[in-house]
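Visitor: Show me the folded form of this:
(one chain, ligands or ions: 1)
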Amino acid sequence: MSEVILKVNNMCKYFESKGVTIRAVNDISFEIEKGETVGIVGESGCGKTTLGRTIVGAYVPSSGSAEYTAADGEVYDLSSIDKKKMKELRKEIQMIFQDPYSSLDPRMTVFDIISEPLRANFKLKKEEIEEKVKFIAEKVGLKTEFLKRYPHAFSGGQRQRIGIARALVMYPRLIICDEAVSALDVSVQAQVVNLLKDLQKDMDLTYIFISHDLSVVEHISDRVGVMYLGRMVEYADTASIFEKPMHPYTEALLSAVPIPDPDMNNERIPLAGEIPNPANPPKGCPFHTRCRYCTEKCKTEVPEFKEREKGHFVACHLTDTSMIKGIIKQQEGM
Ligand code: SF4
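Guide: Prediction:
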């Protein structure tokens with residue numbers, strides 16, 4: 001039976017700057033089942049990183065909650081628990097960041113980097129720490145002799161493996177991967193994504209995978225949430241998002257993904273203009289300034305985020321979404 005590990009309810013995170021309110025995360029709700037991967041996609045500045053950080057308590061939400069079902073079976077609202085409990089839950093909830101180099105202290109050896117969370121959270125003997133670090137290093141494909149070296153001696157992919165090992169050494173249950181492979185070459189990206197998938201099976205992990213790269217998200221996710229200007233505009237299982245998107249923004253994002261097969265026809269749907277200033281978002285539907293289906297209603301009324309088909313949520317006034325194509329995968333001439 002599926003078990004919900006995280007339920008995000010009407011999460012908002014606003015920042016005040018020079019008298020202006022920036023709605024970085026605006027009324028977002030979704031849930032994640034244990035063992036699955038939820039991908040969060042959108043252009044840079046859409047609020048996906050702020051969403052991840054607000055969920056793990058790095059930012060205090062302006063309103064809303066993130067109900068986490070812990071290993072002890074209790075449900076905790078991560079947005080309102082005290083610091084002591086949050087420190088305990090940090091063992092279960094970890095983050096992996098985009099830039100492994102800047103998140104690894106260059107003066108520490110790989111062993112010290114991976115063992116740091118163990119030393120900070122448990123009273124373990126030296127041999128126990130060594131055993132755990134070696135075990136996790138092996139799991140992520142780092143040789144034991146690498147443990148004595150410093151981060152600068154490694155390639156980007158190896159440094160990301162060090163970052164993953166540091167997150168895993170605590171045996172977490174939920175990991176937020178924030179653009180975790182974006183800084184890597186495409187071939188290395190595939191290796192790290194496959195490693196994350198293997199580790200997920202092996203260690204019963206749940207991921208929130210934040211990325212601007214739809215191809216990577218398609219490869220790793222069970223469900224996908226599409227964000228635009230701080231709002232979730234579409235949320236469904238991966239196949240529905242990629243084969244039958246219902247939101248014009250998802251359609252435009254998908255049409256921009258190159259298809260490597262020359263026999264496939266990919267009609268490009270131009271995404272007009274820049275993403276609007278989040279400090280001064282458009283009235284009505286936040287996407288209306290760039291949407292090719294925009295009507296007068298779209299300019300004044302914010303569309304509700306509603307379930308259109310089972311498990312498929314969309315925020316759009318369009319009632320007939322049959323013209324929304326996504327990636328057009330049929331062969332030319334057919
Ligand atoms: Fe486009 Fe209107 Fe739908 Fe917004 S509500 S995405 S403007 S059709």
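Visitor: ok and the residue in the stretch 1-150 of the chain nearest the ligand?
Guide: residue 42 (13.7 Å; CB to the nearest ligand atom). All C-beta spots, glycine's among them, are computed from the backbone N, C-alpha and C.
Visitor: That residue and residue 228 touch, don't they?
Guide: Yes: Residue 42 lies in contact with residue 228 (CB atoms under 8 Å); the separation is 5.9 Å.
Visitor: can you pull the contacts of the closest residue to the ligand within the stretch 101-250 of the chain?
Guide: Nearest to the ligand in the stretch 101-250 of the chain, going by CB to the nearest ligand atom, is residue 248, at a distance of 4.4 Å. Residues in contact with residue 248, defined by CB atoms under 8 Å, 6 or more residues apart in numbering, are 287, 291, 292, 293, 316, 318, 324.
Visitor: Looking at those residues, which is nearest residue 2?
Guide: residue 316 (27.6 Å; CB to CB).
Visitor: list the contacts for the closest one?
Guide: 233, 246, 247, 248, 285, 303.
Visitor: Now render those as TSV, adding pLDDT and secondary structure.
Guide: Converted to TSV, the contacts of residue 316 look like this (pLDDT from 0 to 100; DSSP: H, G, I helix; E, B strand; the rest coil):
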residue	pLDDT	secondary structure
233	97	strand
246	94	coil
247	95	coil
248	94	helix
285	96	coil
303	96	coil
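Visitor: Of those residues, which pair is most distant in space?
Guide: 246 and 285 (13.9 Å).
Visitor: Looking at the two, which one has more neighbours?
Guide: The neighbour count for residue 246 versus residue 285, taken as other CB atoms under 10 Å, is higher for residue 285 (27 against 23).
Visitor: Quickly note the distance from the spatially closest residue to that one that is not a sequence neighbour to residue 146.
Guide: Spatial nearest neighbour of residue 285, excluding adjacent residues (CB to CB, 6 or more residues apart in numbering): residue 298 at 4.5 Å. Here the criterion is CB to CB, to the nearest Å. By it, residue 298 lies 54 Å from residue 146.
Visitor: Equivalent analysis for residue 17, please.
Guide: In terms of CB to CB, residue 17 sits 43 Å off from residue 146.
Visitor: Looking at the two, which is more packed in?
Guide: residue 146 (17 against 8).
Visitor: how much space is there between the nearest residue to that one once chain neighbours are set aside and residue 137?
Guide: If the residues on either side of it in the chain are set aside, residue 146 comes closest to residue 110, at 5.7 Å by CB to CB, 6+ apart. Residue 110 sits 8 Å away from residue 137, taking CB to CB as the criterion.
Visitor: do residue 144 as well
Guide: 7 Å.
Visitor: Between these two, which is the more surrounded one?
Guide: Neighbours per residue, other CB under 10 Å: of residue 144 and residue 137, the larger number sits with residue 137, 22 against 12.
Visitor: Sticking with the residue positioned nearest the centre of the chain, tell me its helix or strand.
Guide: With distances taken as CA atoms, centre = their mean, residue 210 lies nearest the centre of the chain, 2.1 Å away. Using DSSP states H and E, residue 210 maps to strand 206-211.
Visitor: try residue 269
Guide: Counting by DSSP H and E, residue 269 is part of no helix or strand.
Visitor: now swap in residue 21 and tell me
Guide: strand 20-33.
Visitor: Quick one: name the residues of the chain near the ligand.
Guide: Contact residues (CB under 6 Å from any ligand atom) of the chain with the ligand: 248, 285, 287, 288, 291, 293, 294, 298, 303, 316, 317, 318.
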